[in-house]
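Undergrad: fold the stuff below for me.
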Amino acid sequence: MAGGIRESTGEDDDLQETHEINVTPFIDVMLVLLIIFMVAAPLATVDVNVDLPAAAATPAPRPDKPLYLTVKEDLTVLLGNDEVARDTLSSALDNFTGGDKEQRVFLRADQAVDYGELMNVMNLLRKAGYLKIALVGLEMLPAATTESETGSP
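TA: Residues are numbered from 1 along each chain as shown. Reported below is the predicted structural model:
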């Protein structure tokens, strides 16, 4: 027992050593780490507002560090959160990926972007050597797809 009461015999007045782990500092460290991760997690997301079209396909698993290329309504191109000129897109992609042409590029475009403009960006990606392109859209609810297919409101 850790803090047991001893009978005082007068011969041995030293306290008995306890061999238990004090978990209080461990709990304090874990709570501090939890707070740090709760604050840092929202900062790790991409915050570019784009009005994405909806898709009924099943979503694919998301990689650990996705590479987002965004085409906004005003036709500006963003790599992650940074705006990139179309003529320097190839070098910006190489800098971002470290020259890994096999990395998947997640292409997002606003609904107002013309299909021809989206194809121009895809052609720029292909010229840069990035052939693994995934188009990003919003998930469509199953009830919404059946209503739109039948034509009822």
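
Undergrad: what does the helix or strand hosting G116 contact?
TA: Applying DSSP states H and E as the criterion places G116 in helix 115-128. Applying Cβ atoms under 8 Å, 6 or more residues apart in numbering, the contact partners of helix 115-128 are 69, 71, 75, 77, 86, 89-90, 93-94, 105, 107, 109, 131, 133. Bear in mind the C-beta positions are built from the backbone N, C-alpha and C, glycine included.

Undergrad: can you redo the residues you listed as a markdown table, where the extra columns are pLDDT, secondary structure and distance to D51?
TA: Listed next are these as a markdown table, based on pLDDT from 0 to 100; DSSP: H, G, I helix; E, B strand; the rest coil; distance: Cβ to Cβ, whole Å:
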| residue | pLDDT | secondary structure | distance to D51 |
| --- | --- | --- | --- |
| L69 | 90 | strand | 16 |
| V71 | 91 | strand | 12 |
| L75 | 88 | coil | 14 |
| V77 | 90 | strand | 16 |
| R86 | 88 | helix | 21 |
| L89 | 88 | helix | 22 |
| S90 | 88 | helix | 27 |
| L93 | 88 | helix | 24 |
| D94 | 88 | helix | 30 |
| V105 | 89 | strand | 20 |
| L107 | 90 | strand | 15 |
| A109 | 89 | strand | 10 |
| L131 | 88 | coil | 27 |
| I133 | 87 | strand | 20 |
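
Undergrad: pull out the buried residues from these.
TA: Buried residues within the contacts of helix 115-128, counting neighbours by 16 or more other Cβ atoms under 10 Å: L69, V71, L75, V77, L89, S90, L93, V105, L107, A109.
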